[in-house]
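Q: Predicted coordinates and the sequence they were generated for:
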Amino acid sequence: MQLFLNYKISKEACRMISLFMLFIIFSCTKEKKTEKLPVNTIMQQQFDADILATIVYLDSINQNPSNAENNFKEAKKYFKKLEPILSGLDVENYGFLNQPNILKVEEEDFTDIKIKSPSGFQVLEEELFADKIDTIAIIKHVNLITGRLKLIKKNTSFDHLKPYHFLWLLRKAIVRVALTGITGFDSPVLENSLGDSRIVYQSLHTYLSIFKDEFSDKNLFNTWQTEIETTLDNLEGNFNKFDRYHFIKNHTHKQLNLWNQTVTDWEVKFPFELAIKNDATSLFSSNTFNVNYFADQSQKELSSEKVILGKRLFYDTNLSSTKKISCATCHQPEKAFTDGLKISKGVTRNSPTLMYAALQQAFFYDKRAGGLEGQIINVVENQNEFHTDLETLENAVLADTTYIKDFSKVYPNRKINNNDIRNAIASYIRSLIPFNSKFDRNINNIENTLSQNEINGFNLFNGKAKCATCHFAPLFNGTVPPDYKESEIELIGVPASNDTINAVISEDLGRYMVYQTPERKHFFKTPTVRNADITGPYMHNGVYNTLEEVMDFYNRGGGAGIGIDQPYQTLPPDPLNLTKHEIDDIIAFIKSLNENMGEY
């Protein structure tokens, strides 16, 4: 059992783990010496030993309060060892154990609203390292976490795993480290993200070694080993000074290429695609995401014919009751599909960009629509927008013989209907994911034109400034990697006017207006930062005109920093203490995400 990593272990932990190790060794001696244990069995043993060690260290927090902080750190190490496997095999339980210290609200409908207090390692970290220690709360969270881990250990089986499962787990861990691990997302107080990421890669090294015999090309296996060892060396250093740009460029993308080579070497066939395409070699590419993963299951594959038809519909004013409004009225391509207004005409909020809108799990600032096709219904029926209905929409299309001809080709063997009309428009919007900004071209080695200020800005955005804990790369919106199952909403305390002296919160209640859940007042969906340089004014109410004003708001600690008291604010209330030079660098990076809108 040389696969286990060496950690400094307390006496009580050592005793329990030693007993477990003796059990494994005794069990293994029953096998014939000429037989090798199946990889699934070895993975199960590794997983069980790591989960047991996590439980032991957590129990030690209650048993030995004087050493609670050190025992937590050791427990977190073993949890991070578990992470690559647990997060793939049991997404829900992993999510519970690694959730942020923010009240969780689940709204299915008016009759099914659940309010859940968070628990897990992030919550426990904040409790243990707070200025004032709440012993009762610490004990409660330790017991909740250990109880969940024991349940996981009892019910997790590796019997069904196939090589493609492991490859998915491997890639998911690589992507998580790049997009949330090195950003401080799940180490809110200690900022031990680099150390945690090292543990994840040590675990990947261990599990990859288990699959050594799967490699036909032994040089490929050796390349993996060397790359992981180099990555471990690179993850040393200071959190705020860490070079995330070159880490992703030189390590994450290299590992995605190695991963694809491994798929070929193992002759693996995947049964389907997840959010990230099975052949992706970059996180910042138009070939990274499986757009159909984000669409309604009933929708068909995206095609160029649908996109062309949808583009014509998008610009057609004849679809509205006045014959003067089209989708492009509020979503103008030269302004990155916004309209440049503080508040769009006829509505109560700022017009959001449609660039990359397809790669999210909910629509409108308040997430009241679950899909693009559903979002279009709201626009059609809104009396201040299209002010019509779906039947009239159909008739407007049927009145145009060119549409009749085009629809018969794109949607053959059926009459024109509003479902297909909406799907065509949605298909055009789904095509607006080019990943062709200056930043994308540089991180993909297509050109070498980024300034050091722009690179510094990306590193600050993903580090000290904590922007990427809500605006996740590469989409820089609130759709959470690496599973991309949820688009987050946040309460950041946006003021009614640009006032830092007598600030009051915007009157717009946001998500609250959908289900009237009090805990959701003033919550809004996190938009993308891509093309933000040309999508102002900013925030749902257009309160800020420049990126400098936006950065000042965040640098002060959001609403809390300008005197707005909201108990459920999700943005950390502490000032970021960014210097003017650092703010300038972040804005320079954001501007590097601009794309050529002339193509649309």
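A: Thanks, I have the structure now. Numbers count the residues shown, from 1 in each chain.
Q: alpha carbons only for contacts and neighbour counts from here, please
A: Will do.
Q: Can you get me a residue count around K249?
A: 17 (other CA atoms under 10 Å).
Q: thought it was touching N444?
A: Yes - using CA atoms under 8 Å, K249 is in contact with N444, at 7.0 Å.
Q: For the stretch 51-200 of the chain, just list every one of the strands.
A: Along the stretch 51-200 of the chain, the stretches classed as strands by DSSP state E, counting those that start in this stretch are 104-109, 112-116.
Q: Averaged pLDDT, the first one. What do you get?
A: Just to be clear, that refers to strand 104-109. In this model, strand 104-109 has an average pLDDT of 93.
Q: neighbouring strands for it, and are they parallel or not?
A: Strand 104-109 pairs in its sheet with strand 112-116 (antiparallel), by DSSP bridges.
Q: What are the contacting residues of the strand it pairs with?
A: 103-107 (CA atoms under 8 Å, 6 or more residues apart in numbering).
Q: Could you list the buried residues of it?
A: In terms of neighbour count (16 or more other CA atoms under 10 Å), strand 112-116 has no buried residues at all.
Q: how about that strand as CSV, C-alpha atoms only?
A: Extracted C-alpha coordinates of strand 112-116, given in CSV (Å, rounded to 0.1, in the frame of the first residue of the first chain):
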residue,chain,number,x,y,z
ASP,A,112,-42.0,23.7,-2.5
ILE,A,113,-39.5,26.3,-1.0
LYS,A,114,-36.7,25.0,1.2
ILE,A,115,-34.5,27.2,3.3
LYS,A,116,-31.3,25.4,4.4
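Q: Contacts only, for the nearest residue to F270 once chain neighbours are set aside.
A: For F270, ignoring the flanking residues on the chain, the nearest one in space by CA to CA, 6 or more residues apart in numbering is Y164 at 6.4 Å. The contact partners of Y164, by CA under 8 Å, 6+ apart, come to 268-270.
Q: quick check, nearest of these to L258?
A: V268 (14.0 Å; CA to CA).
Q: circling back: only whichever of the contacts of strand 112-116 are buried, select them in ChimeraX.
A: Filtering the contacts of strand 112-116 down to the buried ones (16+ other CA under 10 Å) takes a single ChimeraX command:
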select :103
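Q: could you redo the contacts of strand 112-116 as TSV and give each row distance to Q360?
A: Output for these, formatted as TSV (distance: CA to CA, whole Å):
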residue	distance to Q360
L103	22
K104	19
V105	19
E106	18
E107	18
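Q: before we move on, the earlier item: could you list which of the contacts of Y164 belong to helices?
A: Within those, no residue falls in helices by DSSP state H.
Q: Serialize those residues to a markdown table and add fields for distance to R171 and neighbour count.
A: Shown next, in a markdown table, are those (distance: CA to CA, whole Å; neighbours: other CA atoms under 10 Å):
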| residue | distance to R171 | neighbour count |
| --- | --- | --- |
| V268 | 14 | 14 |
| K269 | 15 | 11 |
| F270 | 13 | 14 |
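Q: got the contact list for the residue most central in space within the chain?
A: Nearest to the mean C-alpha position of the chain, counting by CA atoms, centre = their mean, stands V480 at 2.0 Å. For V480, the contacting residues are 472, 486-488, by CA under 8 Å, 6+ apart.
Q: Quickly note the distance from N384 to G346.
A: Shown here: N384 relative to G346, a distance of 5 Å by CA to CA, to the nearest Å.
Q: ok, back up a step: which of the contacts of strand 112-116 sits closest to H205?
A: For the contacts of strand 112-116, the residue nearest H205 by CA to CA is K104; the value is 34.4 Å.
Q: Next one, pLDDT for the nearest residue in space to the closest one that is not next to it in sequence please.
A: Leaving aside its chain neighbours, K104 sits nearest to K116 (5.0 Å; criterion: CA to CA, 6+ apart). We have a pLDDT of 94 for K116.
Q: Y512 versus K116, what's the distance?
A: Look at K116 and Y512: by CA to CA, they are 17 Å apart.
Q: Next: T262.
A: From T262 to Y512 the distance is 48 Å (CA to CA).
Q: Show me the strands in this structure, by range?
A: Listed in chain order, the strands of the chain (DSSP state E) span residues 104-109, 112-116, 489-490, 524-525.
Q: Using CSV, please lay out the contacts of Y164 together with pLDDT and distance to H522.
A: Below are those laid out as CSV (pLDDT from 0 to 100; distance: CA to CA, whole Å):
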residue, pLDDT, distance to H522
V268, 97, 47
K269, 97, 46
F270, 97, 42
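Q: A137 against E127, yeah?
A: Yes - taking contacts as CA under 8 Å, A137 lies within contact range of E127: 7.4 Å.
Q: what's near enough to touch the closest residue to F363 other than its chain neighbours?
A: For F363, ignoring the flanking residues on the chain, the nearest one in space by CA to CA, 6+ apart is A369 at 5.1 Å. Contact partners of A369, counting by CA under 8 Å, 6+ apart, are 362-363, 375.
Q: picking that back up, A137 and E127: which is more packed in?
A: Set A137 next to E127 and count neighbours by other CA under 10 Å: E127 wins out with 19 against 14.
Q: if we can go back for a sec, between T262 and Y512, which is the more surrounded one?
A: Neighbour count, other CA under 10 Å: between T262 and Y512, T262 has more, with 20 against 17.
Q: returning to what we had before: how much space between the residue nearest to F270 and E214?
A: Y164 sits 12 Å away from E214, going by CA to CA.
Q: hmm, back to that, to L571, which of the strands of the stretch 51-200 of the chain lies closest?
A: Per CA to CA, nearest to L571 of these: strand 104-109, 14.6 Å.
Q: Render the CA-only coordinates of the closest one in CSV, please.
A: Provided in CSV are the C-alpha atoms of strand 104-109 (Å, rounded to 0.1, in the frame of the first residue of the first chain):
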residue,chain,number,x,y,z
LYS,A,104,-29.2,28.0,0.6
VAL,A,105,-32.7,28.6,-0.8
GLU,A,106,-34.3,25.9,-3.1
GLU,A,107,-37.4,27.2,-5.0
GLU,A,108,-39.2,24.6,-7.1
ASP,A,109,-42.6,26.3,-7.0
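Q: Residues contacting that strand, please?
A: Applying CA under 8 Å, 6+ apart, the contact partners of strand 104-109 are 113-118, 515, 519-520.
Q: Mind putting these into TSV with distance to E454?
A: As requested, these are exported to TSV (distance: CA to CA, whole Å):
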residue	distance to E454
I113	43
K114	43
I115	41
K116	40
S117	39
P118	36
Y515	41
E519	38
R520	36
